[in-house]
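S.K.: I would like to see how this sequence folds:
(chains A, B, C and D)
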Protein chains: 2
Amino acid sequence: MAEETVSLALTLKDIAREAGVSLATVDRVLHNRPGVRPDTVRRVQETIARNAFQPHVAAAELARGRARRFAFVMPSGPNPFMQQIEAYLGEMSAWLAARRLSVEMVTTDVFDPSVLAASLETLSGDYDGVAVVALDHPGVRAAINDLVEAGTKVVTLVSDVPSSRRHHYVGIDNIAAGRTAGALVGRLIGQKSGKVAIVAGSQGLRDHAERIFGFNQVMASEFPDLNVLPVLEGRDEDDRSEQLLSRLLGRHADIVGLYNVGAGTQGVASALSGAGREKQVVFVGHDVTALTRRLLLQGVMDAAISQNPGHEARAAVRVLLALARGEPILSEQEKIRIDIVMRDNLP
Amino acid sequence: MAEETVSLALTLKDIAREAGVSLATVDRVLHNRPGVRPDTVRRVQETIARNAFQPHVAAAELARGRARRFAFVMPSGPNPFMQQIEAYLGEMSAWLAARRLSVEMVTTDVFDPSVLAASLETLSGDYDGVAVVALDHPGVRAAINDLVEAGTKVVTLVSDVPSSRRHHYVGIDNIAAGRTAGALVGRLIGQKSGKVAIVAGSQGLRDHAERIFGFNQVMASEFPDLNVLPVLEGRDEDDRSEQLLSRLLGRHADIVGLYNVGAGTQGVASALSGAGREKQVVFVGHDVTALTRRLLLQGVMDAAISQNPGHEARAAVRVLLALARGEPILSEQEKIRIDIVMRDNLP
DNA sequence: GGTGTTTTGAGGTACGCAACTCATTTTGAG
DNA sequence: CTCAAAATGAGTTGCGTACCTCAAAACACC
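M.R.: Presented below is the predicted three-dimensional model:
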């Protein structure tokens, strides 16, 4: 039986004593306040580093006193995935309250750059942190940069704006997600050859485009016997997706695979069932919702690629909090994984 | 643009005033201290509930003063999965230090019930919480119950002892994991018929037995064309696993699937490669390690069933902390998922 | 050497709660 | 009604940090 300890317990007073300065000076160094000679700064910082001193978060939080306000800017309209994120934030209410954190939902039309940018501008100054489901557009980028400039911590959620100065992105790598979908469709189809259909919301959406890109990458390089048909744009609407797919199924009797990139899942499933081909076609889609769960259990869907909405919600809050406190981020913890969900590992 | 708030900010003093009692009485109620009339207790509790009051964790933590000590009881010996858990605990050191938490590793022979039970007994009283990779055995169960009796919070990790009074289990449902493996092997094999091999550490290990059970369940009900061969017991050792599997591959030319339930992965892979059949056989195993990662990228392994060791480590700490503080547990957050990892969604 | 400026020390207050003491009031049993 | 026990009020102290003020000391410059 072996033991190993990972612990310590120093206070600011100890650091002050060891560095041979007063508490006030340590405080000045710790918070980058002016009025300390560079030489002294170095001495204090070395003492802190040498002792691996960590301020007691609880004490710091208590002393700071101020409650923190975060805003979540989410799409308006009935998107089940976004609703799940909101639901999980609701479940955290006790956790949030115990830390005197407030999280406010701001719904807006995230697909209209100017509206989204305007929404973001109104938040400036009022919040310590903002999580935003962002569209990658110059106006949005500028709005994000303005927020950052004003000292607000900004996290992009689900959809990134890599060229902005946002502090962190909480979401998955959509190209890898598309690749995963491609590998699944190809592998589950097996030896057969035939055609593969893709239904997306719009190829103008960054995440959809990236997923399609990854999907095609894998299909081209690894499944040459499968012929990928042109993308159907269903605008994430059930009716439209169903019509488009039904027509396609009618024209091609040898469709063996189907990748649904975005929402509109009900329409896609209806088209498949309507043609009586739900058992012959390998169907891979995204996200675990009440509907996809049912489709997986019924065997209509074969796999769902999922990014855990609960994890995303919590990760966004934790990252904002860590940023606001100046704490390090546990990057491993906050990284969102690409989950493959099949019938037997449904969460 | 719509808004909705989830917040509040009361203190104990407010509760005392509203309930018409003194701070001392609220404190007594809050901590189940004696000396309060049942009637008053109820009144105070109602006030707390009505206002959804949450004590400020930072203030509580600071006032309590005492640092919390947790122990992780882990298997001795070189198990990569366990080493990963330890590594992630190490990465949390700054996080832990900032909260004045200490986590101590206690390695012991978890496969010998009496040794494990003895190890657990020695911890009594010294720790606020214990996470243990447990063997399901009456002696171990009793040791766990003793710890709980003494006020220590106990969490079982990876392997559960459901009949004990442990407060929480952090790990996956191994039957479901086996089912998932079965579905993957069956689906990835496709139309073909043939034989399927299983290599396990030992059928005496609860988690291995459960996985095999789930695997067989799915094979029997859904893949009648696949013939599951008797389980090989490789004791999680590379050499032994390789020998047994090599012999089996020699005897059966029509093996199309392989499920490696535990460790010994290197041996299993060597046997496959040695027979030159790594491309013909669908190979599903467990856990993402440096080795399985390489095998997945090479196409030798087709999928790995994984329980995120980092998540398990963090979840165990968070659950112990929440239990110690008397906070609610975010069950959704702490639930460990069964991850399906293929080449394109390698974390 | 004197001036003004920068740096440092010393100390206080506040944050919200835990944990404790001690005095006072209320209650219930006889 | 009496008296002990139970219940409650009032108050104190301390946790470790943030943030502030004011005075003293050190320093730079001419």
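
S.K.: Give me the contact list for stretch A:190-199.
M.R.: With contact meaning Cβ atoms under 8 Å, 6 or more residues apart in numbering or on different chains, stretch A:190-199 is reached by A:185, A:189, A:212, A:215, A:219, A:225-232, A:234, A:241, A:244-245, A:248-249, A:252, A:254-262, A:264, A:268, B:188-192. Any C-beta I mention is one placed from the backbone N, CA and C, and that applies to glycine too.

S.K.: Now it: buried residues?
M.R.: Buried positions in stretch A:190-199, judged by neighbour count with 16 or more other Cβ atoms under 10 Å in any protein chain shown: A:Gly194, A:Lys195, A:Val196, A:Ala197, A:Ile198, A:Val199.

S.K.: Please produce a markdown table containing those residues, extended by pLDDT.
M.R.: Putting the buried residues of stretch A:190-199 into a markdown table (pLDDT from 0 to 100) gives the following:
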| residue | pLDDT |
| --- | --- |
| A:Gly194 | 94 |
| A:Lys195 | 96 |
| A:Val196 | 97 |
| A:Ala197 | 97 |
| A:Ile198 | 97 |
| A:Val199 | 96 |
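
S.K.: which among the contacts of stretch A:190-199 end up buried?
M.R.: Applying 16+ other Cβ under 10 Å to those flags A:185, A:189, A:212, A:215, A:219, A:226-228, A:231-232, A:234, A:241, A:244-245, A:248-249, A:255-262, A:264, A:268, B:188-189 as buried.

S.K.: Among these, name the ones in strands.
M.R.: With DSSP state E as the criterion, strands contain A:Leu226, A:Asn227, A:Val228, A:Leu232, A:Ile255, A:Val256, A:Gly257, A:Leu258, A:Tyr259, A:Asn260 from among the buried ones among the contacts of stretch A:190-199.

S.K.: hang on, the earlier thing: return the closest of the buried residues of stretch A:190-199 with respect to chain B.
M.R.: The nearest member of the buried residues of stretch A:190-199 to chain B, counting by Cβ to the nearest Cβ, is A:Gly194 at 13.4 Å.

S.K.: Residues in a beta bridge with the closest one, which ones?
M.R.: Using DSSP bridges, the beta-bridge partners of A:Gly194 come out as A:Leu226.

S.K.: gap between it and A:Val185?
M.R.: From A:Gly194 over to A:Val185 the distance is 11 Å, taken as Cβ to Cβ, to the nearest Å.

S.K.: swap in A:Ala16?
M.R.: 63 Å.

S.K.: Excluding sequence neighbours, find me the nearest residue to A:Trp95.
M.R.: B:Leu330 (6.5 Å; Cβ to Cβ, 6 or more residues apart in numbering or on different chains).

S.K.: list the contacts for the one you found?
M.R.: A:Glu91, A:Met92, A:Trp95, A:Arg314, B:Ala322.

S.K.: Could you rerun that using 10 Å?
M.R.: Contacts here follow Cβ atoms under 10 Å, 6 or more residues apart in numbering or on different chains; on that basis B:Leu330 touches A:Tyr88, A:Glu91, A:Met92, A:Ala94, A:Trp95, A:Gly310, A:Arg314, B:Ala315, B:Arg318, B:Val319, B:Ala322.

S.K.: Also A:Ile48?
M.R.: A:Leu10, A:Leu12, A:Ile15, A:Glu18, A:Ala19, A:Val26, A:Val29, A:Leu30, A:Gln54, A:Pro55.

S.K.: so the spatially closest residue to A:Leu244 that is not a sequence neighbour bridges to which residues?
M.R.: Among residues not flanking A:Leu244 along the chain, A:Leu232 sits closest, at 4.4 Å (Cβ to Cβ, 6+ apart). Per DSSP bridges, the residues bridged to A:Leu232 are A:Val199.
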